[in-house]
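Undergrad: build the 3D model from these lines:
(chains A and B)
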Amino acid sequence: MKTGIIGKKLGMTQVFDADGKVIPVTVIEAGPCTVVQRKTSRGDGYDAVQIGFGPKKAHRVGQPMIGHFRKAGKGAFGKLKEVRVPAESPLDAGQEIHVDIFREGDFVDVTGQTKGRGFTGLIKRWNFRGGRATHGSMFHRAPGSIGASAWPSRVIKNMKMAGHYGNEKVTVLNLKVIGVQPEKNLLLVRGAVPGAKNSLVFVRHAVKKGNTAVS
Amino acid sequence: MSLLKELETSKLRSDLPAFNVGDTIRVYSRIKEGEKERVQYFEGIVIGFHRNAIASTFKVRKESYGVGVERTYPMHSPLLEKIVVKKKGDVRRAKLFFLREVSGKKARIREKKDWLGKKGVAVPAEGTADRPAEGAAAESAAPAADTTETKE
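TA: Below you'll find the model as predicted:
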């Protein structure tokens, strides 16, 4: 069953593998997610499931969404996401997706919202090197030349300059699953994952490892 | 406890003996040479801990053929076969990095005296000679206990 799952990034730690090597892992509290709606190619033009994660207080749900959630009958959810599934997928509204869709050794893609860094200079945003701090260099963290003068008389598009950095959706591809703990809904993924602790992330089977694209 | 902490705690090793900075220990670790696996030991003074739950490490230093050698071991590594505490060191700081700068007599670590043991049971005969000086330095209860025992 190739689908995705929504989870909460808990933070990073390390584990030892069979050879005693240290592996850095991100721990994700993944799921359980409830299928809120099943979309079919006959009715909607494509096959997908809408999954919900994290409870939402009933009094915070608006009238239109109350009706929507009622169809699945599993309460309201704070986060909804649509995931493409094959037409023959048995998933239907009301069913749950658990972290055991992943196995140790699988590869996954993880999508998250990166930490917002605000208006950022070139050194942090584009890894420019900057100039010398002392000896009267007068060139510290400035961008340097951003183009020629008479021609083209303008700054070319996509010039790397200071500006807003972070708080964007980023997907990290092909992270290895180091461990799965279905009883605690925990997923251990090798390496770092976008986003702050306690932020929501979306995990799916790695598309570049031959899995059908979801999301 | 958060799920993350719970996960970390469940993987900590508790089977190794307690030791401290300044102790002389012998660390037995498994190493792989090609296909074969064997146990190698490294004996030296613990010069510091890096305490961070599952990521904790400790540094062991020894002098080998006149060259200082330091090894850092992960405290919870499955490769640690066992640890034997050879000597308890009496030190007053958490990191003994000054040992890198000194050698010979200066690089010695004073051995820890077993004060509690002295209070409880009979004192070894060879310890009596230097007792007065040490007893004055220690807390008042210690010398009192010592004197009664020497009379016996």
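Undergrad: the nearest residue to A:Thr40 once chain neighbours are set aside: what's it in contact with?
TA: Nearest residue to A:Thr40 in three dimensions, chain neighbours excluded: A:Asp47, at 5.9 Å (Cβ to Cβ, 6 or more residues apart in numbering or on different chains). No exception for glycine: its C-beta is placed from N, CA and C like everyone else's. By Cβ atoms under 8 Å, 6 or more residues apart in numbering or on different chains, the contact set of A:Asp47 is A:39-41, A:84-87, A:89.
Undergrad: so which of those residues is the most crowded?
TA: Of all the contacts of A:Asp47, A:Val85 has the most neighbours under the rule other Cβ atoms under 10 Å in any protein chain shown, reaching 22 neighbours.
Undergrad: surely that residue meets A:Ile97?
TA: No. A:Val85 is not in contact with A:Ile97 according to Cβ atoms under 8 Å; the separation is 10.3 Å.
Undergrad: what about the chain, any weak spots by pLDDT?
TA: All of this is about chain A. By pLDDT under 70, the low-scoring segments of chain A are A:1-2, A:212-215.
Undergrad: oops, chain B please
TA: B:1, B:116-152.
Undergrad: max-length strand in it?
TA: Assignment by DSSP state E gives strand B:36-50 as the longest strand of chain B.
Undergrad: for that one, what is the distance to the chain centroid?
TA: Chain-centre distance of strand B:36-50: 12 Å, with Cα atoms, centre = their mean, to the nearest Å.
Undergrad: and A:Leu187, how many neighbours?
TA: Residues within reach of A:Leu187, counting by other Cβ under 10 Å, total 30.
Undergrad: now it: how far from A:Arg117?
TA: 27 Å (Cβ to Cβ, to the nearest Å).
Undergrad: just to revisit the earlier point, between A:Val85 and A:Ile97, what contacts are shared?
TA: Here A:Val85 and A:Ile97 share the contacting residues A:3, A:91, scored by Cβ under 8 Å, 6+ apart.
Undergrad: can you show me the strands along chain A?
TA: With strands called from DSSP E, chain A shows them at A:4-16, A:22-30, A:33-39, A:48-55, A:77-84, A:96-97, A:107-113, A:118-120, A:163-165, A:169-181, A:186-190, A:200-205.
Undergrad: out of these, which gets nearest to chain B?
TA: Chain B lies closest to strand A:4-16 among the strands of chain A, at 4.4 Å (Cβ to the nearest Cβ).
Undergrad: what is the closest one packed up against?
TA: If contacts are counted by 3 or more Cβ pairs under 8 Å, 6 or more residues apart in numbering or on different chains; DSSP states H and E, strand A:4-16 sits against strand A:22-30, strand A:48-55, strand A:77-84, strand A:186-190, strand A:200-205, helix B:3-10.
Undergrad: at 7 Å instead, please
TA: strand A:22-30, strand A:77-84, strand A:200-205, helix B:3-10 (3 or more Cβ pairs under 7 Å, 6 or more residues apart in numbering or on different chains; DSSP states H and E).
Undergrad: who does the third one pair up with?
TA: In other words, strand A:200-205. Within its sheet, and counting by DSSP bridges, strand A:200-205 is paired with strand A:4-16 (antiparallel), strand A:107-113 (antiparallel).
Undergrad: export those to JSON lines and append columns for distance to A:Gly31 and mean neighbour count.
TA: Shown next, in JSON lines, are the strands paired with strand A:200-205 (distance: least, Cβ to Cβ, whole Å; neighbours: other Cβ atoms under 10 Å in any protein chain shown):
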{"stretch": "strand A:4-16", "distance to A:Gly31": "5", "mean neighbour count": "21"}
{"stretch": "strand A:107-113", "distance to A:Gly31": "13", "mean neighbour count": "22"}
